[in-house]
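J.: Show me the folded form of this:
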Amino acid sequence: MIVIAGTLEYASQEARDGAVAAGRDLQEATRRDEPGCLAYVFAADPVLPTVMQVYELWENEASLAAHFNHPNYFDMRTVLGQFERVGIPAIAKYRCDLSEPVYDRTFTPRADFFTAE
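T.: Coordinates of the predicted model:
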């Protein structure tokens, strides 16, 4: 599994909000049309008024590679690029080899990986 997470910063809250709204249909299309896409979210940060949070979840490298060659990806770049950004996007990918729930059976949050015990 691959997680993509990070931020894009815009010149103003209006630019950020415009980018979020303009990207909505492409987020839906990516989730619907691209095999291996488990999550695809470009959302307004509730604390930082000019920041967009990016969160994507992909089944594997092949599905992410296919996304990078899909029209949805190119269209999303075009849409987001219509709004003035500042700085360099701070977006990274993470390969996850183990996934577990945060909460155990008693709904206690756990930082350790406990299901393999």
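
J.: Can you tell me which helices and strands the longest strand seen in the chain packs against?
T.: Scanning the chain for the strand with the most residues, using DSSP state E, yields strand 85-95. For strand 85-95, the packing partners by 3 or more Cβ pairs under 8 Å, 6 or more residues apart in numbering; DSSP states H and E come out as strand 2-10. To be clear about C-beta, it is placed using only N, CA and C from the backbone, and glycine gets the same treatment.

J.: Now do the strand it packs on: distance to the chain's middle.
T.: The chain centre lies 6 Å from the centre of strand 2-10; the measure is Cα atoms, centre = their mean, to the nearest Å.

J.: ok, which stretches of the protein are helices?
T.: 13-22, 24-33, 61-67, 71-81 (DSSP state H).

J.: Pick the most buried one from those.
T.: helix 13-22 (a mean of 17; mean count of other Cβ atoms under 10 Å).

J.: Just the CA trace of it, in PDB.
T.: Extracted in PDB, the C-alpha atoms of helix 13-22 (Å, rounded to 0.1, in the frame of the first residue of the first chain):
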ATOM      1  CA  GLN A  13      -7.600  31.600   1.100                       C
ATOM      2  CA  GLU A  14      -9.700  32.500  -1.900                       C
ATOM      3  CA  ALA A  15      -7.200  30.700  -4.200                       C
ATOM      4  CA  ARG A  16      -7.100  27.700  -1.900                       C
ATOM      5  CA  ASP A  17     -10.900  27.500  -1.700                       C
ATOM      6  CA  GLY A  18     -11.200  27.900  -5.500                       C
ATOM      7  CA  ALA A  19      -8.700  25.000  -6.000                       C
ATOM      8  CA  VAL A  20     -10.500  22.800  -3.600                       C
ATOM      9  CA  ALA A  21     -13.900  23.400  -5.300                       C
ATOM     10  CA  ALA A  22     -12.500  23.100  -8.800                       C
END
